[in-house]
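J.: just coords:
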């Protein structure tokens, strides 16, 4: 059994920062890729940033200069540092993690954390 939990969302004024955390727990043998997605109201879910086991990152062009993804393999955790937030960053942010567990390799989703940026 594997659980993913995200936290760190909230209400922030435009220009401010937030740091999201995603942590995995359970019968984990290894964690492969980790990624943050977001879904704004009325829009499709989109990939924000991904990070491989060795730390290689891939960040969406639209947020590349403001958002930084990182991970701590020892803690089975991933982070998204968001700076200079804009109202268009308002969305539910989800973590997606590929985990090798006792049940095999599978993709897991967190329940999401809401980020609201006020103008």
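T.: That came through, no problem. It should be emphasised that the depicted structure is a prediction, and the values quoted were computed from it without experimental measurement. Numbers count the residues shown, from 1 in each chain.
J.: give me the number of residues near residue 22?
T.: By other Cβ atoms under 10 Å, 25 other residues sit near residue 22. For the C-beta atoms, the positions are set from N, CA and C on the backbone; glycine is no exception.
J.: what comes up buried for stretch 58-66?
T.: Across stretch 58-66, burial judged by 16 or more other Cβ atoms under 10 Å covers 59, 63.
J.: Give me the contact list for that stretch.
T.: Stretch 58-66 has contacts (Cβ atoms under 8 Å, 6 or more residues apart in numbering) with 46-51, 67-69, 82-85, 89.
J.: try 7 Å this time
T.: 47, 48, 49, 50, 67, 69, 82, 83, 84 (Cβ atoms under 7 Å, 6 or more residues apart in numbering).
J.: Tell me the most packed of those, by neighbour count.
T.: Counting neighbours by other Cβ under 10 Å, residue 82 comes out on top of the contacts of stretch 58-66 with 25 neighbours.
J.: That residue: what's it in contact with?
T.: Shown in contact with residue 82 (Cβ under 7 Å, 6+ apart): 17, 18, 66, 67, 89.
J.: same check, this time on residue 2
T.: Contact analysis of residue 2 by Cβ under 7 Å, 6+ apart lists 24, 26, 27, 28, 99, 101, 108.
J.: So among those, which ones count as buried?
T.: The buried subset of those (16+ other Cβ under 10 Å) comprises 24, 28, 99, 101, 108.
J.: ok, back up a step: let's see which of the contacts of residue 2 end up in strands.
T.: Using DSSP state E, the subset of the contacts of residue 2 located in strands is 24, 26, 28, 99, 101, 108.
J.: what's across from the residue nearest the centre of the chain in the sheet?
T.: Centroid-nearest residue in the chain: residue 36, 3.0 Å away (criterion: Cα atoms, centre = their mean). In this structure, residue 36 bridges to residue 49, residue 95 when assessed by DSSP bridges.
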